[in-house]
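*Asks:* Need a 3D model of the following:
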Amino acid sequence: MKFSQFNVFVKDGSVNYISNTLSKCIVELDEKHYSVLSSRDKTRLLEISEDLIVLKQNGILVDDDLDEIGSLRYAYQKSKKGTNEIEFVVAPTLSCNFKCTYCFETHRSGKMSLQTQDAVLAFIEKSVVDNHPKKIRYIWFGGEPLLCLDIMERMSAKIKELSKLYNFKLDMIVITNGYLLSAKVIDSLVFCGVNHVQITIDGLRSNHNQKRMLHNGEGTFDKIISNLELFQKSELTVAIRVNIDKDNIDAYGELRSMLLKLDNPQ
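*Replies:* Next up, the predicted model:
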C-alpha cells in the first residue's frame, strides 16, 4: 500500500486530523498515527498495522498500483458521456426573510426573471437530451425559495412535462427555513411535484432563536415547530437538519425527542 496523493493534514490546537479530498473523509489522529502518516514513509506502516484496513477503506492508503490521477481523469471523462442521474440546484431568489448569524450568503433583493427561468429550463432539457438520465434530482434552494412560490409553480410544471416527455423519474426537493409554510403552501408544493422538504432547526428555542431570527430580531423557533405539525397529514417527507456546536450539543437529545412526537419529520 501507499499514501494517497490527496491526503491533507490539518492541526487544530493540539488535535491533528488527516483529510482525503478525493474520498472526502476526515479522521482525527493521535500522535503515533500522525507521526507515521505525515512521514509518508511506507516502512513505518507496520507501526499501525492494526489500522491499515480502515485507512484503506477511507482512501488514506491505496494500492501500490493504483493511478489516482488516472482514475480521477477516467471518472471525469465518463461523467461527460452520460449518467443515470443528474442533479440541479436552482435558486429562484437570493432574498431571505431570515438573518442567521452564521449565514455565508450575500442576500440580494429580486427574483429570477422569466428570461432566466426559460434559460434554466432550456439547459435542463439539453442536459436530458444529451445524457438520457433515468432520474433528475431537482433542488430548490436560496435565499428562501418559498418567497418565490409563483416561480416554483411555473418552472415545476415545465419540468414535470419534461419528465413525461423524456421518461425520467423526477425527485424534487425544497430546502427552506420553514417559516413561510402553511397548509396552502404545502398543497402548492405537492402540486409542484415536491416530494421532500429539508428544514433547519438549531437546537431548542433559546439556542435556535439566537442564531436563526427574522430581520427584526424576532425568534422563529415556535413558528417553525408549529408549521411542522402541518406535515402530519401530508404525503411529503421532511428531514430536519440540526447544526450542532458547543452551544447546543447538550440540547440535541431533547430536541430529537420533541421532533419524534411528530408523525412525519425525522
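*Asks:* Where does pLDDT dip in the chain?
*Replies:* 79-83, 107, 263-266 (pLDDT under 70).
*Asks:* Which residues does stretch 33-41 contact?
*Replies:* 3, 7, 9, 16, 18, 29, 44-45, 47-48, 51, 55, 60 (C-beta atoms under 8 Å, 6 or more residues apart in numbering). The way it works is simple: take the backbone N, C-alpha and C, and place the C-beta from them, glycine included.
*Asks:* ok, of those, which come out buried?
*Replies:* Neighbour-count burial (16 or more other C-beta atoms under 10 Å) is assigned, among those, to 3, 7, 16, 18, 29, 45, 48, 51, 55, 60.
*Asks:* and these, which two are the farthest apart?
*Replies:* N16 and L45 (17.4 Å; C-beta to C-beta).
*Asks:* on that earlier part again, which of the contacts of stretch 33-41 fall within strands?
*Replies:* Among those, DSSP state E puts 3, 7, 9, 16, 18, 29 in strands.
*Asks:* rewinding a little: the contacts of stretch 33-41 into JSON lines, with extra columns for distance to R137?
*Replies:* Listed next are these as JSON lines, based on distance: C-beta to C-beta, whole Å:
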{"residue": "F3", "distance to R137": "34"}
{"residue": "N7", "distance to R137": "30"}
{"residue": "F9", "distance to R137": "34"}
{"residue": "N16", "distance to R137": "36"}
{"residue": "I18", "distance to R137": "31"}
{"residue": "L29", "distance to R137": "35"}
{"residue": "R44", "distance to R137": "43"}
{"residue": "L45", "distance to R137": "40"}
{"residue": "E47", "distance to R137": "44"}
{"residue": "I48", "distance to R137": "39"}
{"residue": "D51", "distance to R137": "36"}
{"residue": "L55", "distance to R137": "32"}
{"residue": "I60", "distance to R137": "29"}
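*Asks:* What's the separation between the closest residue to I86 other than its chain neighbours and N84?
*Replies:* Leaving out its chain neighbours, the residue that sits closest to I86 by C-beta to C-beta, 6 or more residues apart in numbering is P133, at 4.7 Å. Distance from P133 to N84, counting by C-beta to C-beta, to the nearest Å: 6 Å.
*Asks:* all helices of the protein, in order?
*Replies:* Ranges of helices in the chain, per DSSP state H, are 31-39, 52-57, 68-80, 114-131, 149-166, 183-192, 205-211, 221-228, 252-260.
*Asks:* Quick one: closest of these to P92.
*Replies:* helix 149-166 (4.2 Å).
*Asks:* Helix 183-192 and the closest one, what's the angle between them?
*Replies:* 20 degrees (axes from the mean of the first three to the mean of the last three C-alpha atoms, to 10 degrees).
*Asks:* helices and strands around helix 149-166, which ones?
*Replies:* Judged by 3 or more C-beta pairs under 8 Å, 6 or more residues apart in numbering; DSSP states H and E, helix 149-166 is in contact with helix 114-131, strand 135-140, strand 169-176, helix 183-192.
*Asks:* in that helix, what's buried?
*Replies:* Neighbour-count burial for helix 149-166 [16+ other C-beta under 10 Å]: 149, 151-152, 154-156, 158-159, 162-163.
*Asks:* and L170, how many neighbours?
*Replies:* 17 (other C-beta atoms under 10 Å).
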